[in-house]
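**Student:** Sequence and predicted structure are below.
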Amino acid sequence: MGIRRTSARTVLAAAVTASLLAAGSAAFAAPAGADPDHAYRHGAVPMLGTAQDAAATSSVNMSYGGGAGSPKIGVTTGAPRVYLVFWGSQWGKKSTNAQGYTTLSGDSTGTAPRLQALFKGIGANHETWSGVMTQYCEGIATGAQSCPSNAKHVGYPTGGALAGVWVDESGAEPSAANGHDLGVEAVKAAGHFGNTTAAKNRNVQYVVVSPSGTFPDGFNTPNGGFCAWHDYTGDTTLNGGAVPSKYGQLAFTNMPYVTDAGASCGQNFVNAGTAGNLDGVTIVEGHEYAETITDQNPAGGWTSSDGQETGDKCAWVNTGTGASANVKFATGSFAMQSTWANDASSGKGGCEMSHSIIK
């Protein structure tokens, strides 16, 4: 979301954060597009404990944006498929662990196998964390806040969302890749995986994971103020410009090595000690995944009037309804955040960790 740290906002952030903490609940999600210089940072999870605009979980429900891009796309209507792209020779030597996950010698925290396990679990055995997102749809009137049963709803990732893993060792990732660079890597990945038509990419997202010690789009720097963000290649506001793609519009995520930011990006947010070392990895990427499938070409999907997406409104909630917690999937237990549900509380909306699957 590109939060600019001006003095006025610093004062506001301090006041709002203090009031939230006094109430015993914190949701440190700032409105999307709050910084016009970084409007492409959709779904950016702000860094905890930094001076930023802060917004408590509000009762403002999501509205449909009418689709974006050409052709217009709002949500992921088929079974969501995730391709993990570990960009750069800095990731080191590849191996395979006992679970069949790719491991990398430059991955000191074990981020790579953790992400693979997460996405193999999402959608397996009819888990219901993903059910929250299936209430949203596209092909309805712009501004609508509910979906008829015959609309094209967000798809469910039956059998697991993970579609492929690629370690791009063709060269080192730049120390500070910009948004355009990350989109170019997503296009390169589409070619690698053989997703060479718009139809093959319609329900796909490419998660570009950067190695430790890099600063993609200013991550973990004074110009950052985020933990991750998602966008699509056709977005003309990307720094460096929209990304040419002969494979259609591609949804992609800038997923930095979030453990470099420690507690600022969720380490130990749910679990204490070493058990919580990767809490931020799964909370942050789960946030971006949920927002991508409900707002695939931002902001043509579902956002609230204050500019937040479905994950933003429930980010960093630490007590009460919708608090981040461990969620059991077929492949393990993962620290996850809740997602905004318009149909919660008899249509008033709220943060939910589980929901029946809508087809």
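**Tutor:** That came through, no problem. Numbers count the residues shown, from 1 in each chain.

**Student:** ok, the most centrally placed residue in the chain - contacts?
**Tutor:** Nearest residue to the geometric centre of the chain (C-alpha atoms, centre = their mean): residue 288, 0.7 Å. The contact partners of residue 288, taken as C-beta atoms under 8 Å, 6 or more residues apart in numbering, are 43, 45, 207, 228-230, 253, 255, 311. All C-beta atoms are positioned from the backbone trio N, CA, C, and that covers glycine.

**Student:** For my notes, confirm it occurs in a helix.
**Tutor:** Yes: judged by DSSP: H, G, I helix; E, B strand; the rest coil, residue 288 forms part of a helix.

**Student:** Give me the pLDDT for it.
**Tutor:** Residue-level confidence at residue 288 comes out at 98, pLDDT.

**Student:** Same check on residue 33?
**Tutor:** 39.

**Student:** just the one 4 residues further on next, same as before
**Tutor:** We have a pLDDT of 67 for residue 37.

**Student:** next one: residue 54
**Tutor:** With respect to pLDDT, residue 54 has a value of 34.

**Student:** Show me where the chain has its helices.
**Tutor:** 7-22, 111-121, 179-193, 279-294 (DSSP state H).

**Student:** With respect to residue 328, which of the ones you listed lies nearest?
**Tutor:** Residue 328 sits nearest to helix 111-121 of all the helices of the chain, at 8.6 Å, using C-beta to C-beta.

**Student:** got the buried residues for that closest one?
**Tutor:** The neighbour-count check on helix 111-121 (16 or more other C-beta atoms under 10 Å) flags 111-121 as buried.

**Student:** which ones are touching residue 191?
**Tutor:** By C-beta under 8 Å, 6+ apart, the residues touching residue 191 are residue 247.

**Student:** Now render the contacts of residue 288 as a markdown table, adding pLDDT and distance to residue 145.
**Tutor:** Shown next, in a markdown table, are the contacts of residue 288 (pLDDT from 0 to 100; distance: C-beta to C-beta, whole Å):
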| residue | pLDDT | distance to residue 145 |
| --- | --- | --- |
| 43 | 84 | 20 |
| 45 | 89 | 24 |
| 207 | 99 | 29 |
| 228 | 98 | 27 |
| 229 | 98 | 25 |
| 230 | 98 | 22 |
| 253 | 98 | 26 |
| 255 | 98 | 30 |
| 311 | 97 | 18 |
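
**Student:** Among these, name the ones in strands.
**Tutor:** Using DSSP state E, the subset of these located in strands is 207, 229-230, 253, 255.

**Student:** Go through the residues you listed and name the one nearest residue 62.
**Tutor:** Distance ranking of the ones in strands among the contacts of residue 288 against residue 62, using C-beta to C-beta, places residue 230 first at 16.1 Å.

**Student:** Could you report the neighbour count for the closest one?
**Tutor:** 29 (other C-beta atoms under 10 Å).

**Student:** where does the stretch 1-150 of the chain dip in pLDDT?
**Tutor:** Residue ranges of the stretch 1-150 of the chain with pLDDT under 70: 1-37, 49-59.

**Student:** still on that earlier bit, any idea which of the buried residues of helix 111-121 is closest to residue 259?
**Tutor:** Distance to residue 259 across the buried residues of helix 111-121 (C-beta to C-beta) is lowest for residue 111, with 6.4 Å.

**Student:** Could I get the contacting residues of residue 95?
**Tutor:** So residue 95 contacts 102-105 (C-beta under 8 Å, 6+ apart).
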